[in-house]
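Participant: Here is my input, please return the structure:
(one chain, ligands or ions: 1)
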Amino acid sequence: MSVKKIEIMDTTLRDGEQTSSVSFSASEKLTIAILLLEELKVDRIEIASARVSEGEFQAVKEITNWAAEHDYLDKVEVLSFVDNGISINWMVEAGAKVQNLLTKGSLNHLTHQLKKTSSQHFKEISEVIKLGQDKGVVTNVYLEDWSNGMRNSKAYVYEFLDFLATQPIKRIMLPDTLGVLTPEESYAFVKEIKDTYPNLHFDFHGHNDYDLGVANVMSALQAGADGLHLTINGMGERAGNAPMSSTIAVINDFMPELTTGVNEKMLYTVCKLVENFSGVVIPSNKPIIGANVFTQTAGIHADGDNKNNLYFSDLMPERFGRKRQYALGKSSGKANIQKNLQQLGLQLNDEDLKKVTQRIIELGDKKQVVTKEDLPYIISDVLDRTYEEKIKINSYVLTHSKGLKPSTTVSLTIEEETFEENAQGDGQFDAFMNAIRSVFKRKGTILPDLIDYAVRIPPGSRSDALCETIITWKYPEKEFKTRGLDSDQTVSAIKATEKMLNIVVN
Ligand SMILES: CC(C)C(=O)C(=O)O
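Facilitator: Numbers count the residues shown, from 1 in each chain. Next comes the predicted model:
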């Protein structure tokens, strides 16, 4: 089987920058351009629209200076306009050598926006192509609104393509400008054109308005498209363009007759950098690059991973420079916990594993997202109960209101006898401690002094997740610490206190 190489043109720096509220600085553009060409190894990049601004001019200049030094100038493209050569002068002054000339690919656009006839339009286009040639500029031609042109004014599209076939241009670019094609139409339209002009190079430029960007790109390739326009993170006008990450995975996994030069391993790194520079957050469920897409949540999957890789798919995270993760929560089960323990280099016996699993399920039930980094804290919270549980805090009410002293009502059981007590204090926890102390005073037990109270959030925990309180207690002759873990700070302190009471009475 002969394998066809598809040209990948990245337009993150042009169409991607048309994402609402995104603007890259010149140095961000240069950094992204270098990564795209040198690390991700796309074939071409479109870096700007001509004449946009002075800042854009500087950005193009910086990129073309770098590209000239590294022999990439023929891979760096600028969107230009049919404007008697004003765009060409702009881009040539900025050092660029390839123009992607924006023309009208539907009769509707031609008559209502340009208000010109096809022959007037073609004449002006050929003049711009000639001007470019005279200045050493290679021309590719975009047929804007081509998809609607094929639907509603096919005769015009073919008249245009017949004209372009006579011109000294390198590529014809077929945009689904409004992202309105279906995969069936993408196939049919590209096939028809490729069958008519087998020797011309056609790029397909898909938008994602119906979330069909990748499907349409796949159909266009099956129909014979020679190149694709993609963006990092699917950025672009309105709903964006077909995204680089999933498109490359689809080509690699489902289209053995095609190949690209793109280095999959760098996809995640480049996508994260662009996320950072653009400020547009990658959705957590975005295939290949989203935060959650390689995380197994259901314990049955982690269990299957241990048993002959039952849940294997070709979409292995390592291909993209990522790692499989196993979520911890109420549906995670022992297998997920074991996987996380392995990653942390920890081991637990069956009984302790059961206790830790139970605790994670309890936390999961209370909405918690438990992370791998929380695990050592949960383990120490669960496993440092080396005493018999003689004391149980059954219930409590803590009040905090402006202008009134905080107060507590607490109910606790001490060796099967239940006590209830009210108290006030300087804060909620102080009121709670006063209530507890007065119960124990009645029983003749002296409790240790509280000499330190430290609260911390386990590193890696989200701000709404776990909170650990470590309390240091002191008798004249000895000092000891207890810790409590909960999503609520006061509850974590109460849990640490309950442990202290059990240590004291044991
Ligand atoms: C500006 C043009 C080329 C475009 O992005 C489109 O038509 O989708």
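Participant: next SSE after the helix or strand hosting Asp162?
Facilitator: Using DSSP states H and E, Asp162 sits in helix 154-164. Next along the chain after helix 154-164, taking DSSP H and E as the criterion, comes strand 171-176.
Participant: In terms of secondary structure, what does that next one contact?
Facilitator: Applying 3 or more CB pairs under 8 Å, 6 or more residues apart in numbering; DSSP states H and E, we find strand 171-176 packed against strand 138-144, helix 146-152, helix 183-196, strand 202-206, strand 227-230. Heads up, the C-betas are built off the backbone N, CA and C, glycines and all.
Participant: contact partners of the helix or strand hosting Lys339?
Facilitator: In the assignment (DSSP H and E), Lys339 maps to helix 333-344. For helix 333-344, contacts defined as CB atoms under 8 Å, 6 or more residues apart in numbering pick out 296-300, 302-303, 305-306, 326-328, 347-348, 353-354, 356-357, 360, 372, 375-376.
Participant: what are the phi and psi angles of Asn292?
Facilitator: Backbone geometry at Asn292, expressed as degrees, to the nearest 10, gives phi -100, psi 0.
Participant: The one 5 residues further on too?
Facilitator: Geometry field for Thr297 lists phi and psi as phi -100, psi -40, criterion degrees, to the nearest 10.
Participant: Can you verify my assumption that it contacts Leu328?
Facilitator: No - Thr297 lies out of contact with Leu328 (CB atoms under 8 Å); the separation is 9.1 Å.
Participant: So these two - more neighbours on which side?
Facilitator: Taking neighbours as other CB atoms under 10 Å, Thr297 and Leu328 compare with Leu328 leading, 28 against 18.
Participant: I'd like the distance between Ile169 and Val439.
Facilitator: 89 Å (CB to CB, to the nearest Å).
Participant: And the lowest-mean-pLDDT helix or strand in the chain, how far out from the chain middle?
Facilitator: In the chain, no helix or strand scores lower on mean pLDDT, DSSP states H and E than helix 299-306, which sits at a mean of 73. On the basis of CA atoms, centre = their mean, to the nearest Å, helix 299-306 sits 25 Å off its chain's mean C-alpha point.
Participant: Can you give the contact residues for it?
Facilitator: Under the contact criterion CB under 8 Å, 6+ apart, helix 299-306 has outside partners 296, 310-311, 324, 326, 331-336, 338-339.
Participant: 7 Å - rerun?
Facilitator: Residues outside helix 299-306 that contact it (CB atoms under 7 Å, 6 or more residues apart in numbering): Gln296, Leu310, Tyr311, Tyr326, Ser331, Ser332, Gly333, Lys334, Ala335, Asn336, Lys339.
Participant: Out of those residues, which comes closest to Asn434?
Facilitator: Nearest to Asn434, judged by CB to CB, of the contacts of helix 299-306 is Ser332 at 39.7 Å.
Participant: what's around the nearest residue to that closest one once chain neighbours are set aside, how many residues?
Facilitator: With CB to CB, 6 or more residues apart in numbering as the criterion, Ser332 has its nearest non-adjacent residue at 5.1 Å, and that residue is Gly299. Applying other CB under 10 Å, we find 23 residues neighbouring Gly299.
Participant: returning to what we had before: what average pLDDT does the helix holding Lys339 get?
Facilitator: Averaged over helix 333-344, pLDDT sits at 84.
Participant: could you say what helices and strands the helix or strand that the least confident helix or strand of the chain is followed by packs with?
Facilitator: Downstream of helix 299-306, the next assigned helix or strand under DSSP H and E is strand 325-326. The elements that strand 325-326 packs onto, with contact taken as 3 or more CB pairs under 7 Å, 6 or more residues apart in numbering; DSSP states H and E, are helix 333-344.
Participant: any idea of the angle the helix or strand just after the helix it packs on forms with helix 333-344?
Facilitator: Per DSSP H and E, helix 333-344 leads on to helix 350-365 as the next helix or strand towards the C-terminus. In terms of direction (axes from the mean of the first three to the mean of the last three CA atoms, to 10 degrees), helix 350-365 departs from helix 333-344 by 100 degrees.
Participant: quick check, distance from helix 350-365 to the centre of its chain.
Facilitator: Remark: helix 350-365 is offset 30 Å from the chain centroid, using CA atoms, centre = their mean.
Participant: got the angle for that helix vs helix 299-306?
Facilitator: For helix 350-365 against helix 299-306, the angle by the same axes, to 10 degrees is 140 degrees.
Participant: coming back round to it: so among the contacts of helix 333-344, which ones count as buried?
Facilitator: For the contacts of helix 333-344, a burial check counting by 16 or more other CB atoms under 10 Å picks out 296-299, 302-303, 305, 326-328, 348, 353, 356-357, 360, 372, 375.
Participant: Keep only those of these that are also close to the ligand.
Facilitator: Applying CB under 6 Å from any ligand atom, the subset of the buried ones among the contacts of helix 333-344 adjacent to the ligand is empty.
Participant: picking up where we left off before, for the helix holding Lys339, buried residues please.
Facilitator: Of all the residues in helix 333-344, those buried under the rule 16+ other CB under 10 Å are Gly333, Lys334, Ala335, Asn336, Ile337, Gln338, Lys339, Asn340, Leu341.
Participant: which parts of this structure sit against the ligand?
Facilitator: For the chain, the contact set with the ligand under CB under 6 Å from any ligand atom comprises Asp15, Leu102, Tyr142, Glu144, Pro175, Thr177, His205, His207.
Participant: ok, which pair from those is furthest apart?
Facilitator: Farthest pair in those (CB to CB) is Leu102 and His207. Separation: 15.1 Å.
Participant: Count residues in the vicinity of Asn285, would you?
Facilitator: Neighbour tally, Asn285, other CB under 10 Å: 9.
Participant: ok, now Phe440?
Facilitator: Counted by other CB under 10 Å, the residues lying close to Phe440 total 19.
Participant: same question, Val214
Facilitator: Using other CB under 10 Å, Val214 is surrounded by 22 other residues.
Participant: With Glu28 instead?
Facilitator: 17.
Participant: what residues are up against Lys474?
Facilitator: Contact partners of Lys474, counting by CB under 7 Å, 6+ apart, are Pro448, Asp449, Ile451.
Participant: for Ile251, same thing?
Facilitator: Ile251 is in contact with Ile6, Leu258, Thr260, counting by CB under 7 Å, 6+ apart.
Participant: Tell me the secondary structure of the residue of the chain most remote from its centre, please.
Facilitator: Within the chain, the residue lying farthest from the chain centre (CA atoms, centre = their mean) is Gly444, at 59.6 Å. Under DSSP: H, G, I helix; E, B strand; the rest coil, the three-state class of Gly444 is coil.
Participant: The nearest residue to Gly364 once chain neighbours are set aside: what's it in contact with?
Facilitator: Excluding the flanking residues, the one nearest Gly364 by CB to CB, 6+ apart is Lys330, at 2.9 Å. By CB under 7 Å, 6+ apart, the contact list for Lys330 reads Ile361, Gly364, Asp365.
Participant: State the pLDDT value of Lys330.
Facilitator: Confidence score, pLDDT, at Lys330: 78.
Participant: how about the residue nearest the centre of the chain, secondary structure?
Facilitator: Nearest to the geometric centre of the chain sits Ile282, at 2.8 Å (CA atoms, centre = their mean). Following three-state DSSP, Ile282 is assigned to coil.
Participant: hang on, isn't it packed against Glu275?
Facilitator: Yes - between Ile282 and Glu275 there is a contact under CB atoms under 7 Å: 5.1 Å.
Participant: who touches both of these two?
Facilitator: Contact criterion CB under 7 Å, 6+ apart; residues shared by Ile282 and Glu275: Asn233.
Participant: still on that earlier bit, so for Leu102 and His207, which sits in the more crowded spot?
Facilitator: A count of neighbours by other CB under 10 Å puts His207 above the other of Leu102 and His207, at 26 against 20.
Participant: State the distance from the closest residue to that one other than its chain neighbours to Asp486.
Facilitator: Distances taken as CB to CB, 6+ apart put Gly179 closest to His207, at 3.1 Å, once the chain neighbours are dropped. Computed as CB to CB, the Gly179 to Asp486 distance reads 48 Å.
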